[in-house]
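Engineer: Starting from these lines, generate the structure:
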Amino acid sequence: MSPAVLSATAPSLRHHTAPQDAPWRRLDHIGVEICLENVAGVRLAVRAGADRAELCDNLTVGGTTPSIGAIEAAVLAAAEEVEAKRQRIGAHWASSAGGAPFGLRIMIRPRGGGFIYDGDGRRAMIADVRRIAALAREMSEYTRPVPTSNPAQPLPPAVDLGLVIGGLTDDGTVDRGLVRLLKDLADGASLTYHRAIDASRDPLEAYRDLRQLGVDYVLTSGAADTALDGARAIAAMVAEEGPTVIATGMVRSHNAAEVIEATGAREIHLRCSFPDLPPHLPQNTDEEQVREIVEVARALPVPGGPGD
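Structural biologist: Numbering: from 1, shown residues only. As a prediction, the model looks like this:
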């Protein structure tokens, strides 16, 4: 079946999802996203105060798509942790930053290695997105805004579910057809374009393409090994005022302030696995590291904000 046919038959339930400018998606602080590979890590990330988690499998190869069972368990785990926070806040949790949904981003990547996919790889990504979109509808009590007597003011969901995608053409440009199709199938979920952008022939050109395609976030190290080495390229993307730029690449609590100052990014992404774990063992998340980076990030002025 061709991508065009799949796109034409994709479900359109965006009116059931939160708009991208929903109040709970507008962070008033430096956003912290933790990359992790299991449900236990999701729970730790919520408890430690992270804004989002990117759930992957196989972090030792850069992350691949987790199983549908792991995704369902992660949604439930995040929802339980968020609900516990809301109960501690009390009746007015919806007006408290502490009652905001937890952002859970699911990696869509059929294998490690490069970002040019053949027909089989593309079919796997299409199938995964369709199944995750269906799961989000099945779990709508956790993943969709909760209606109130005022239709214009629904309560935020417990989990803000999104997808992390990427793909390049043979000439190193964004695979626009694949991105359009996955966006259509995503059923209104937010989309992050991952570090495939750093492997593109011109990351700034790729960023502009992604802006036109309606992607919400871009994860990048500025095509360098570290965010600091790629700071100029990251800053150029930030200046374009398109998708929210998430700086990554050896971002740690000791250099987060320097990364934010050098790039102008308002969000950071990092792994907080225990150090020196052998690749054959689970890359478990260290809650202490998450708490440390959250504490550092909360103390930093937001670029362009009143404290900057």
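Engineer: contacting residues around whichever strand or helix holds residue 128?
Structural biologist: According to DSSP states H and E, residue 128 maps onto helix 119-138. Helix 119-138 is contacted by residues 3, 6, 11, 13, 16, 65, 68, 71-72, 75, 106, 108-111, 117, 143-144, 161, 163, 165, 167, 178, 181-182, 185-187, 189 when judged by Cβ atoms under 8 Å, 6 or more residues apart in numbering. In this view, the C-beta of every residue, glycine as well, is placed from N, C-alpha and C.
Engineer: Mind listing what's buried along it?
Structural biologist: Buried residues in helix 119-138, counted by 16 or more other Cβ atoms under 10 Å: 121-122, 124-126, 128-130, 132-133, 135-136.
Engineer: got it, and stretch 285-297?
Structural biologist: 285-287, 289-294, 296-297.
Engineer: Just give me how far it sits from the chain centre.
Structural biologist: Put simply, stretch 285-297 sits 18 Å off its chain's centre (Cα atoms, centre = their mean, to the nearest Å).
Engineer: Report how many residues lie close to residue 234.
Structural biologist: 30 (other Cβ atoms under 10 Å).
Engineer: give the contact list for it.
Structural biologist: Residues in contact with residue 234 (Cβ under 8 Å, 6+ apart) are 220-222, 227, 245, 247, 262-265.
Engineer: Go through those residues and flag which are in strands.
Structural biologist: 220, 245, 247 (DSSP state E).
Engineer: Need those in a markdown table (columns: pLDDT and distance to residue 214).
Structural biologist: Compiled in a markdown table, those are given as follows (pLDDT from 0 to 100; distance: Cβ to Cβ, whole Å):
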| residue | pLDDT | distance to residue 214 |
| --- | --- | --- |
| 220 | 98 | 18 |
| 245 | 98 | 16 |
| 247 | 98 | 21 |
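Engineer: Please convert the buried members of these into ChimeraX selection syntax.
Structural biologist: If you want just the buried ones from the ones in strands among the contacts of residue 234 in ChimeraX, going by 16+ other Cβ under 10 Å, the selection is:
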select :220,245,247
